[in-house]
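> One predicted model, sequence on top.
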Amino acid sequence: MDFKQLRNPVWERSDNLRDPSIYKTEEGYHLFYSRYSNKDWSRPENWAIGYTFTKDFVHYEKDRDISAKGFASPGDLILWNGKYILPYQSYPETPTMLCYSVSEDLKYWSEPVFFLEEARNLPWNQAERVIDPTFVVDGDRLHCFFVGTDRMHYERATNLVGHAYTDDPELKKWVITTAESPLIGASKAAPDGAENVTVYRKQDEWVMIYSEGLFEQHLAYAVSPDLIQWEFKGKIDIEAQNWITVRYGAPYVWKEEECFMMILMGEDKNNHTTFGLLSSQDGIHWKMLKENKSH
C-alpha cells in the first residue's frame with residue numbers, strides 16, 4: 001500500500017487510544033491497543049484491550065474489546081507452537097501482573113493466563129508491579145522485555161526495563177537475566193526511567209526502540225547482536241506535529257517490503273491520545289507521515 005497518501009494521526013476515537021501493536025497478515029493489519037475511557041486512570045472499568053482491523057489505515061472495522069475490563073498494554077503478537085499469543089497486563093488494580101491470551105484464529109481469545117509472576121519480587125522492582133510485556137521469538141527461544149517500578153529511591157515514580165527468556169513451550173519456566181539490576185534504568189536523559197519497548201530484526205542485529213522518560217517522554221534506541229547485550233544509542237529525533245504536542249511514546253515497529261513502519265501514540269494539547277505513523281529506510285532514522293492540517 002502507499003503509506004505516503006496517509007495523514008497523521010491515522011486513527012482517532014472519542015476514547016483515548018494507547019499502546020498500539022500491529023500484526024500484519026495477507027488480508028491486512030490487526031491492530032491491538034489499550035482503550036482508555038472516561039478520564040479516570042484509577043478505575044479498572046475504564047481499561048480494556050481493544051482490537052480493530054484495517055487494510056489501509058483509513059477504514060477500520062470490527063473495533064471491539066477482546067479482554068475483560070481491567071487490562072491494558074498489548075505487546076507483540078507472536079506465533080508460538082501453532083497458536084497466536086498476545087501478551088498484556090492487568091491494570092490498574094494491584095498487584096499489576098503480566099498475562100497473555102491464546103487464539104487459533106485471531107478472532108476468539110482465551111481468558112488471561114498469568115506468567116513471569118516472579119518478576120514482581122526483583123530487588124529493583126520496589127513497587128512489585130510488572131507491566132508492558134514485549135515478546136520476541138528467536139528460534140526456539142522466547143524473550144520477554146517487561147517494566148517494573150520503583151517509587152521509593154527516586155524523586156518520582158520511575159519505570160525500569162527488565163528482560164527474561166524461556167525455552168519452555170508452556171511459558172512457565174523463565175530465566176530472568178536482569179535479576180540484580182534492570183536492563184534500562186534511570187538516566188540523565190530520563191530521570192524517571194523508560195517503558196514500552198519494541199524490538200525488531202535489522203539485517204544482522206536487533207534494534208530496540210522504547211519510550212524514554214515518563215514526564216517528558218520521547219523515543220530512544222539501542223542495538224544488540226543477541227537480545228542480551230545492548231548498546232544504547234540515545235534519543236531518536238522526530239518531527240513535531242500537533243497530535244504529539246504534549247508527549248509521545250509506546251512505539252511499535254514492523255517491516256514492509258521497502259521500508260520499516262512505526263505506529264506511535266501521541267498526546268495532543270487537549271490530552272487526547274491518538275495513533276500516527278512514521279517510516280524509515282534503515283530502521284534507525286524516522287520520518288513522519290504528513291499531518292492532517294485540520295487536526
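Sure, I can see it. Residues are numbered from 1 along each chain as shown.

> in stretch 24-37, what's buried?
Across stretch 24-37, burial judged by 16 or more other CB atoms under 10 Å covers Gly28, Tyr29, His30, Leu31, Phe32, Tyr33, Ser34, Arg35, Tyr36. Just so you know, the C-beta spots here come from the backbone N, C-alpha and C atoms, and that holds for glycine as well.

> Those in strands, which ones?
Tyr29, His30, Leu31, Phe32, Tyr33, Ser34, Arg35, Tyr36 (DSSP state E).

> Of all pairs in those residues, which one spans the longest distance?
By the measure CB to CB, these have their two most distant members at Tyr29 and Tyr36, which lie 21.2 Å apart.

> Might you report the residue contacts of the residue nearest to Asp226 when sequence neighbours are not counted?
Counting by CB to CB, 6 or more residues apart in numbering, the nearest residue to Asp226 once its immediate chain neighbours are dropped is Trp206, at 7.6 Å. The contact partners of Trp206, taken as CB atoms under 8 Å, 6 or more residues apart in numbering, are Val136, Val199, Tyr200, Val223, Ser224, Pro225, Asp226, Leu227.

> one more time with 6 Å
Contacts were defined as CB atoms under 6 Å, 6 or more residues apart in numbering; by that measure Trp206 touches Val199, Ser224, Leu227.

> Tell me how many other residues surround Lys293.
Per other CB atoms under 10 Å, the neighbour tally for Lys293 reads 7.

> same check, this time on Ala119
Around Ala119 sit 25 other residues, with neighbours defined as other CB under 10 Å.

> For it, which three-state class applies?
Following DSSP: H, G, I helix; E, B strand; the rest coil, the label given to Ala119 is helix.

> Quick check on the residue nearest to it when sequence neighbours are not counted: phi, psi?
Excluding its sequence neighbours, the residue lying closest to Ala119 (CB to CB, 6+ apart) is Val130, at 4.7 Å. Note on Val130: its backbone torsions stand at phi -130, psi 120 [degrees, to the nearest 10].

> What pLDDT does the model give Val130?
At Val130 the predicted local distance difference test score is 98.

> what about Asn8, distance to Lys293?
With the distance defined as CB to CB, to the nearest Å, Asn8 ends up 11 Å from Lys293.

> want to try CSV for the ones in strands among the buried residues of stretch 24-37, with pLDDT and distance to Leu98 as columns?
Listed next are these as CSV, based on pLDDT from 0 to 100; distance: CB to CB, whole Å:
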residue, pLDDT, distance to Leu98
Tyr29, 98, 25
His30, 98, 21
Leu31, 98, 21
Phe32, 98, 15
Tyr33, 98, 17
Ser34, 98, 14
Arg35, 97, 19
Tyr36, 96, 19
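
> Cool, thanks, talk later.
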